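S.K.: Below is the structure, and that's it, no one-letter string:
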């Protein structure tokens, strides 16, 4: 019987000679390359996925960072009327990231604002979760700051007669000179201007400033102008307004013909210094101050504010043209809405507002009257030559303490309404005097009540804080 199949044509599983196919497969390397290629492909796909996840994380970070940068720049703008927090949040909301601005910090002061935002979040991974990483951290931080660099300072110094007691004037001179050195240096060149306003019963503007005002002159001896009550409701001294000149005469004693206490100071060292950065000239000015006369704090404050009011700028330009002010400050006072400029007053007194009299117009009507009163102390003359029953006809009361306090409140409020920073120093003052000066200051922390040599500490502290405000961006 013939066989249908040959046993020699079919591989068997017994014996090495019976496995030619498997042996051939074992010797073939194509399978190993395929497997390795599959592993490499999988690795490349995973690496690509990791790169994709990281790239998406970076793109989101950049988007949030750009939003944060724009938000803090807008929020730190000193012209911004919205609250800084609201500005930042608005930027993130409009960018479709309302929940990402999770830490907004604001630090602001009189002339600066610093705003920062911390956006701490994460992005969900699409591929890296295969490695157990479900999310990548994402943190963006942005901070912006705006500070002013220019500073206009009006330093108002009491030179009334009471400053002649003890060592008061010496201590004031030392403190004021130290202040000048502290606020003006090489780093402040053409940035910080100082005006000095000495005051007693009145303020002597000096011939340079008076020549640029519209004045109805009644004497040739002094340089003070009369202000109306309404003038203290504003910081402005308008060059076109018609001002009466303060009468020139002396008063204060009946015992001898004392000619040392004029109603309006007459020494050149008592005149205003406007817009200077010359430390030598400023300190020389301070060193020459002489105490005499009564006290009208409101008059000093009125001039201090006027020197910071932009309406004064035409006069500044004329002063510069005449060589009576520093050319670097020809555009000062800056506009009130100029966020690049800090305007500040340092108002100092050792007392409080006092009495101020005027001679009746019928006895001060012409040049001969002015000449007469330039030779005689009013009180001494009346006591010696005029019957007491007629004394009241010769003079009248112009200012008195309560009225002076009211006028001071008005001009201080007008200055603060214009964002002028007012520092006040009560130097060995009474409780009433301290209350008046504290009320004038921008805040209770802007008021210093000092005794003796402490006045130098007050001026130094004010200078330090002004320097902190005037930081270069």
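M.R.: Received the coordinates, thanks. Since the model is a prediction, treat every value here as computed from it, not as a measurement.
S.K.: tell me which element residue 143 falls in.
M.R.: With elements taken from DSSP states H and E, the one containing residue 143 is strand 135-147.
S.K.: what about the strands in the stretch 151-300 of the chain?
M.R.: 192-199, 214-216, 242-244, 273-276 (DSSP state E, counting those that start in this stretch).
S.K.: Can you name every helix or strand that the first one contacts?
M.R.: It stands for strand 192-199. Other helices and strands packing on strand 192-199, by 3 or more CB pairs under 8 Å, 6 or more residues apart in numbering; DSSP states H and E, are strand 150-158, helix 168-183, strand 273-276, helix 279-287, helix 297-306. Where C-beta positions appear, they are placed from N, C-alpha and C, glycine not excepted.
S.K.: cool, the third one as well?
M.R.: Judged by 3+ CB pairs under 8 Å, 6+ apart, strand 242-244 is in contact with strand 214-216.
S.K.: contacts for the strand it packs on?
M.R.: 225, 239, 240, 241, 242, 243, 244, 245 (CB atoms under 8 Å, 6 or more residues apart in numbering).
S.K.: ok, now stretch 159-166?
M.R.: Stretch 159-166 is touched from outside by 168-169, 172, 198-201, 252, 261, 265, 270, 289-295, 350-351, 354, with contacts defined as CB under 8 Å, 6+ apart.
S.K.: any low-confidence regions in the stretch 251-400 of the chain?
M.R.: Applying pLDDT under 70 to the predicted model, the stretch 251-400 of the chain contains no residue that meets it.
S.K.: Out of the contacts of strand 214-216, which end up buried?
M.R.: Neighbour counting by 16 or more other CB atoms under 10 Å classes 225, 239, 243, 245 among the contacts of strand 214-216 as buried.
S.K.: For the first one, list the residues it contacts.
M.R.: By that I understand residue 225. Shown here is residue 225, whose contacts under the criterion CB under 8 Å, 6+ apart are 205, 210, 213, 215, 243, 244, 245, 246.
S.K.: Quick one: closest of the helices and strands packed on strand 192-199 to residue 452.
M.R.: helix 168-183 (6.6 Å; CB to CB).
S.K.: Quick one: mean pLDDT for that closest one?
M.R.: For helix 168-183, the mean pLDDT works out to 95.
S.K.: If the closest residue to residue 218 other than its chain neighbours is in a bridge, with which residues?
M.R.: Taking CB to CB, 6 or more residues apart in numbering, and ignoring the residues beside it in sequence, residue 218 has residue 245 as its nearest neighbour in space, at 5.1 Å. Applying DSSP bridges to residue 245 gives these bridge partners: residue 225.
S.K.: contacting residues for residue 245?
M.R.: Contact analysis of residue 245 by CB under 8 Å, 6+ apart lists 215, 216, 217, 218, 219, 222, 224, 225, 226.
S.K.: how far away is the first one from residue 245?
M.R.: Which is residue 215. As defined by CB to CB, to the nearest Å, residue 215 lies at a distance of 5 Å from residue 245.
S.K.: Among the contacts of strand 214-216, find me the one that's closest to residue 455.
M.R.: Relative to residue 455, the closest of those is residue 225; by CB to CB it sits at 29.5 Å.
S.K.: per-residue confidence at that closest one?
M.R.: For residue 225, the model assigns a pLDDT of 96.
S.K.: Starting from residue 243, give me the distance back to it.
M.R.: 4 Å.
S.K.: so which helix or strand takes in residue 87?
M.R.: Per DSSP H and E: helix 84-94 holds residue 87.
S.K.: That helix: which residues count as buried?
M.R.: Buried residues in helix 84-94, counted by 16+ other CB under 10 Å: 84, 87, 88, 89, 90, 91, 92.
S.K.: any idea which of these is closest to residue 422?
M.R.: Proximity of the buried residues of helix 84-94 to residue 422 was ranked by CB to CB; the top entry is residue 84 with 25.4 Å.
S.K.: Let me know whether that closest one touches residue 78 as I believe.
M.R.: No: taking contact to mean CB atoms under 8 Å, the distance of 10.5 Å between residue 84 and residue 78 leaves them out of contact.
S.K.: Which neighbours do these two have in common?
M.R.: When contacts are counted by CB under 8 Å, 6+ apart, the set common to residue 84 and residue 78 consists of residue 113.
S.K.: What separation do you get for the nearest residue to residue 238 once chain neighbours are set aside and residue 305?
M.R.: Residue nearest to residue 238 in three dimensions, not counting chain neighbours: residue 311, with 5.9 Å by CB to CB, 6+ apart. Computed with CB to CB, the distance linking residue 311 and residue 305 is 11 Å.
S.K.: Of those two, which one has the most company?
M.R.: In this comparison of residue 311 against residue 305, neighbours counted by other CB atoms under 10 Å, the higher total goes to residue 305 at 30 against 16.
S.K.: so what's the nearest residue to the more buried one once chain neighbours are set aside up against?
M.R.: In this structure, residue 305 finds its nearest non-sequential neighbour in residue 235, 3.9 Å apart by CB to CB, 6+ apart. Residues in contact with residue 235, defined by CB under 8 Å, 6+ apart, are 305, 306, 308, 309, 411, 414, 415, 418, 420.
S.K.: domain ranges for this structure?
M.R.: Following the assignment in automatic domain parsing, the chain carries domains at 30-147, 150-469.
S.K.: The closest residue to residue 100 other than its chain neighbours: helix or strand, and which one exactly?
M.R.: Setting aside the residues directly before and after it, residue 100 is nearest to residue 119 in space (CB to CB, 6+ apart), at 4.5 Å. When elements are defined using DSSP H and E, residue 119 is found to belong to strand 112-124.
S.K.: one step back: in the sheet, which residues pair with the residue nearest to residue 100? Tell me.
M.R.: Per DSSP bridges, the residues bridged to residue 119 are residue 140.
S.K.: Enumerate every residue touching it.
M.R.: Taking CB under 8 Å, 6+ apart as the contact definition, residue 119 lies against 64-65, 68, 92, 97, 100-103, 138-141.
S.K.: from these, which would you call buried?
M.R.: When neighbours are counted using 16+ other CB under 10 Å, the contacts of residue 119 contain these buried positions: 64, 65, 68, 92, 97, 100, 101, 138, 140.
S.K.: Nice, that's everything, thank you.
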